[in-house]
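> model the structure of this input:
(chains A and B, ligands or ions: 2)
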Amino acid sequence: MSNNREFYWRRLHSLLGVIPVGLFLVFHLSLNFTATGGEDAYNNSTGVMDLVPHSLLLIVEWIVIYIPLLFHGLYGVYIAFTATHNVNRFGTFRNWMFALQRFTGVFLVIFIAWHIFQTRIQKALGADVDFNMMEQIVSNPLMLAFYIVGILSATFHLANGLWSFLVSWGITQSPSSQKVATYVTMIFFVLVSIIGVAAILAFV
Amino acid sequence: MTTAVGTTTRTVKLEILRQDTEGGATRWEKFEVPYRPGMNVISALMAIRSNPVTADGKTTTPVTWDMNCLEEVCGACSMVINGRPRQSCSTLIDQLEQPVKLEPMKTFPVVRDLQVDRTRMFNALKKVKAWVPIDGTYDLGEGPRMPERKRQWAYELSKCMTCGVCMEACPNVSEKSSFIGPAPLSQVRLFNTHPTGAMVKDERLLEIMGDGGLANCGNSQNCVAACPKGIPLTTSIASLNRATSVQMFRNFFGSDHMVD
Ligand code: SF4
Ligand code: FES
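Ligands and ions are numbered 1, 2, ... in the order given. Okay, the predicted model is just below:
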């Protein structure tokens, strides 16, 4: 990135990861969680989306999801590949988090691309995205495993990303404030993971 | 103190990554030198220098390394010792597992053997104006006083000896990235804390808001774990993150509170 704009790109990357991408993830997993109430509950709650006029939905999807997600994902891959990992020499907790943040990030680009292809693009091609569709997808144990790893990667990447966000914007500065943030974000990771994994298992 | 038995029977085994020229090929060489109580890594290297013969009896060139103060204040003698970057003058053989493996800090250009070129760190210090500006066309007089407690705290940051250990430990400092690294960033905090230094505080912040600057930190926090001087590098970085967040808005809205 030329013209001395890197600082702003990085800050934008950090911000977009939380708003809107992170918010969307929490919303998405919570909506899926309704599947634990059965097929009807899930179809009813996701059906609400169909009440929104199609063109408006598309605009919102692009502005709130695709563009920020694309930027965060592609710029993130660039960031990930500029790192030289050294967890074998420095096996500290934070260095592991640093490495995992990058591994999950790169994996998520692949997972999300596949997930969008399997659901949103199929919908655009005329398929119905509903309980049945997901049930079919996860009836393949390999797909189920892929989805569970994908969900956990996403929740981890968001939780740990929140921790970095707090540092990168200068909100948590002292070692103890950063430690408190570690606990809070890890609890957040566990809670959102439970929601996400319970949701996918509801389709099994 | 040393007994004849102690010096003749005990030896120190070393394995050193050799490199004859800048960018040239590397090879490992094994050495075995007589043990003496209280040896540091440098004294083992000196023993090799006085008798440059490998453990299997081949004559080789003396090993090259940098050193100066021999008391962990100049930072010149840093190298990777058993996988960890540290000072070879203050690292004692007794505290190391053998064979002692010595490698150069490869995050820097290797000049020869264990000697590296830390020029990028010194350039970075120039770039961020890591000094207190006191030169004028007339006598500027005394600067504002610094509160004593602030001085004590800032003293900790001033202990940096540009040794490069934090740079070697950082996964984001490498030839793949232009990241300025932890040490010069912490110096920005030091000089922005100094009452006279703070008079050009916005210039330093603008400098680290450029390419390869502050925002390239990925928070692995290896630097703070590795720094031999215990400098709170990650606290400095987080504090600069806050300062640049504010500076970003000041720039955007054309604030006239640039050095407040
Ligand atoms: S901050 Fe610490 S590790 Fe880094 S150069 Fe200075 S003294 Fe060395
Ligand atoms: S020789 Fe100066 S720090 Fe080791």
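> part of a helix, is A:Ala113?
Yes. Counting by DSSP: H, G, I helix; E, B strand; the rest coil, one finds A:Ala113 located in a helix.
> now the phi/psi pair for the residue of chain A found nearest ligand 1, please.
At 12.9 Å from ligand 1, A:Phe90 is the closest residue in chain A, using C-beta to the nearest ligand atom. Using the backbone N, CA and C atoms, a C-beta is placed for each residue, glycine as well. Per-residue torsions, A:Phe90: phi -120, psi 90 (degrees, to the nearest 10).
> any idea how far it is from A:Ala99?
10 Å (C-beta to C-beta, to the nearest Å).
> give the residue from these two that has the larger number of neighbours.
A:Phe90 (23 against 18; other C-beta atoms under 10 Å in any protein chain shown).
> quick one: the helices in the stretch 101-250 of chain B, in order.
B:119-127, B:148-158, B:165-169, B:182-193, B:201-208, B:222-226, B:233-252 (DSSP state H, counting those that start in this stretch).
> sorry, that was for chain A
For chain A, applying DSSP state H gives helices covering A:6-16, A:23-33, A:39-47, A:54-60, A:67-81, A:93-116, A:122-124, A:131-138, A:141-168, A:175-201.
> what's the angle from the third one to helix A:23-33?
What that stands for is helix A:39-47. In terms of direction (axes from the mean of the first three to the mean of the last three C-alpha atoms, to 10 degrees), helix A:39-47 departs from helix A:23-33 by 150 degrees.
> how about helix A:39-47: buried residues?
Residues A:42-43, A:45-46 are the ones in helix A:39-47 that count as buried (16 or more other C-beta atoms under 10 Å in any protein chain shown).
> tabulate those residues (TSV), appending pLDDT and distance to B:Lys126.
Shown next, in TSV, are these (pLDDT from 0 to 100; distance: C-beta to C-beta, whole Å):
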residue	pLDDT	distance to B:Lys126
A:Tyr42	91	61
A:Asn43	90	65
A:Ser45	88	60
A:Thr46	84	59
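> and those, which two are furthest apart?
The span of those, defined through C-beta to C-beta, is set by A:Asn43 and A:Ser45 at 7.6 Å.
> so what's the closest residue to the residue of chain A closest to ligand 1 other than its chain neighbours up against?
Using C-beta to C-beta, 6 or more residues apart in numbering or on different chains and skipping the chain neighbours, the partner closest in space to A:Phe90 is B:Asn222 (4.7 Å). Residues in contact with B:Asn222, defined by C-beta atoms under 8 Å, 6 or more residues apart in numbering or on different chains, are A:86, A:90, A:92, A:94-95, B:166, B:169-171.
> make it 6 Å
The contact partners of B:Asn222, taken as C-beta atoms under 6 Å, 6 or more residues apart in numbering or on different chains, are A:90, A:95, B:169-170.
> follow-up on the earlier one: including distance to A:Pro53, could the helices of the stretch 101-250 of chain B go into TSV?
Formatted as TSV, those follow (distance: least, C-beta to C-beta, whole Å):
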stretch	distance to A:Pro53
helix B:119-127	54
helix B:148-158	58
helix B:165-169	54
helix B:182-193	50
helix B:201-208	46
helix B:222-226	51
helix B:233-252	36
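> out of the ones you listed, which one sits most buried?
Comparing those by mean neighbour count (mean count of other C-beta atoms under 10 Å in any protein chain shown), helix B:165-169 ranks first with a mean of 28.
> right, is it up against ligand 2?
No. If you take C-beta under 6 Å from any ligand atom as the test, helix B:165-169 misses ligand 2, and the best it gets is 10.2 Å.
> state the distance from the residue positioned nearest the centre of chain A to A:Val109.
Closest residue to the average C-alpha location of chain A: A:Ala154 at 3.8 Å, with C-alpha atoms, centre = their mean. Distance, A:Ala154 to A:Val109, using C-beta to C-beta: 11 Å.
> returning to that earlier point: quick one: the helices of the stretch 101-250 of chain B as a markdown table, columns for mean pLDDT and distance to A:Val180 too.
Compiled in a markdown table, the helices of the stretch 101-250 of chain B are given as follows (pLDDT from 0 to 100; distance: least, C-beta to C-beta, whole Å):
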| stretch | mean pLDDT | distance to A:Val180 |
| --- | --- | --- |
| helix B:119-127 | 96 | 32 |
| helix B:148-158 | 96 | 22 |
| helix B:165-169 | 98 | 25 |
| helix B:182-193 | 98 | 22 |
| helix B:201-208 | 96 | 27 |
| helix B:222-226 | 97 | 17 |
| helix B:233-252 | 96 | 13 |
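> wait, which of those is closest to A:Ile121?
helix B:233-252 (37.7 Å).
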